[in-house]
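**Q** pasting a predicted model and its sequence here:
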Amino acid sequence: MKAWPFLHPKPAPVKLEPPKGIARLIARFPILLYRAGLGWILGNRFLLLYHIGRKSGKTRKVVLEVLRHEPLDGSYLIASGFGERSDWYKNLRQSKVTEIEVGGKKLPVMASFLSESAARDELHAYALEHPWASRILFALFKDEHTTEWSDLARQFRLVRLLRYTS
C-alpha cells in the first residue's frame, strides 16, 4: 500500500542564520586581531570591511574571506553567505563607498554587486582553486534545490570591492 504524502512531510530546509551569542563572539574574534594591529596574520585571504550602519550611522566592521583578489585592478571579491540578510551587505547597498583593511593596509573601495550568472562563474572558479573550503561551505549552505557548488549563487550575494579614488 502506498503511503499518503502528507503522512510523511519533507522536513523544511534548514536556513543558516547569522551567528548569535558565543558563536558570534568566536566569529568576531578576527576583528580583535585587526584592532591589535595583527590583521596581517590573516594575509590576503581575509579582509576587514568597514561599513556604515544604515540606521545608526556608526562605523561597523566585519572580517570576510576573500574569494578572489585581482592584482591588475586591485579588486577583492567577497560573498555574503547569508545573502541579503547580512547587515554588512544591506549597509553596502545603501553606502557603496567604504574602506577595507587587508594585508596590513587600508584601502578606499567602492562596492559593485554581481549578478547571479556572474556569481555562478566566480563560485565555480573558487571551487577549482579552493576545493577543500568549497566542500565545507557547500555542506553548510546547501538545501534541497542545491545540487552543485555553483548553485549557491542563488542564495549567496557576491560583491566586488574596487579601488576607489575620489
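**A** Received it, and whenever you're ready, just let me know what you need.

**Q** select the longest helix from the protein.
**A** Longest helix in the chain, counting residues (DSSP state H): helix 116-129.

**Q** got the CA coordinates for it in PDB?
**A** Coordinates of each C-alpha in helix 116-129 appear next as PDB, following Å, rounded to 0.1, in the frame of the first residue of the first chain:
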ATOM      1  CA  GLU A 116      23.600  35.600 -10.200                       C
ATOM      2  CA  SER A 117      25.200  34.500 -13.500                       C
ATOM      3  CA  ALA A 118      28.500  36.200 -12.700                       C
ATOM      4  CA  ALA A 119      28.300  34.900  -9.100                       C
ATOM      5  CA  ARG A 120      27.900  31.300 -10.500                       C
ATOM      6  CA  ASP A 121      31.100  31.700 -12.600                       C
ATOM      7  CA  GLU A 122      33.000  33.200  -9.700                       C
ATOM      8  CA  LEU A 123      31.900  30.400  -7.300                       C
ATOM      9  CA  HIS A 124      32.900  27.800  -9.900                       C
ATOM     10  CA  ALA A 125      36.400  29.400 -10.200                       C
ATOM     11  CA  TYR A 126      36.600  29.500  -6.300                       C
ATOM     12  CA  ALA A 127      35.800  25.800  -6.100                       C
ATOM     13  CA  LEU A 128      38.600  24.900  -8.500                       C
ATOM     14  CA  GLU A 129      41.100  27.000  -6.600                       C
END
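
**Q** looking at the chain, which helix or strand is least sure?
**A** None of the helices or strands of the chain scores lower by mean pLDDT, DSSP states H and E than helix 22-27, at a mean of 76.

**Q** after that helix comes which helix or strand?
**A** Proceeding C-terminally, helix 22-27 gives way to helix 29-35 as the next helix or strand, assigned by DSSP states H and E.
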